[in-house]
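**Student:** Predicted model follows, preceded by the sequence.
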Amino acid sequence: MIKIILPRGPFERILKKAGAKRVSGDALDEMAKVLEERLAKIAKESALLAKHAGRKTILEEDIRAVRKKI
C-alpha cells in the first residue's frame, strides 16, 4: 500500500471542531492512519473505474461513485 504522509494539524482541528478540548499525539497518528487507509482505498477503486471506462484520468464522478459505494 502507498504510504501517504498527512500533516497532523488538520486532524487536530477536525477533532477539536468535533468537541475535543485536547488531542493526544497518538490519537492524531491513529486518525491519520485510518484516513490514509480510506483515501488509498478510494483512490484505488476510482482508478479501477476510470480504467474500466477506458480513461487514464480519474474524474470527480469516479470518486463520487466510489464514495457512494463505500
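**Tutor:** Arrived safely, thanks for sending.
**Student:** Please make it C-alpha for all contacts and neighbour counts, starting now.
**Tutor:** Will do.
**Student:** how close does Arg13 get to Lys68?
**Tutor:** 26 Å (C-alpha to C-alpha, to the nearest Å).
**Student:** neighbour count winner among those two?
**Tutor:** Arg13 (13 against 7; other C-alpha atoms under 10 Å).
**Student:** What helix or strand is that one located in?
**Tutor:** For Arg13, the element it lies in under DSSP states H and E is helix 8-17.
**Student:** SS state for the residue nearest the centre of the chain?
**Tutor:** By C-alpha atoms, centre = their mean, the mean C-alpha position of the chain lies nearest to Leu39, the distance being 2.8 Å. What DSSP: H, G, I helix; E, B strand; the rest coil gives for Leu39 is helix.
**Student:** mind checking pLDDT for it?
**Tutor:** According to the prediction, Leu39 has pLDDT 90.
**Student:** Might you report the residue contacts of the nearest residue to Ala50 once chain neighbours are set aside?
**Tutor:** Distance criterion C-alpha to C-alpha, 6 or more residues apart in numbering; nearest residue to Ala50, sequence neighbours excluded, is Ile58 at 5.5 Å. Contacts here follow C-alpha atoms under 8 Å, 6 or more residues apart in numbering; on that basis Ile58 touches 46-47, 49-50.
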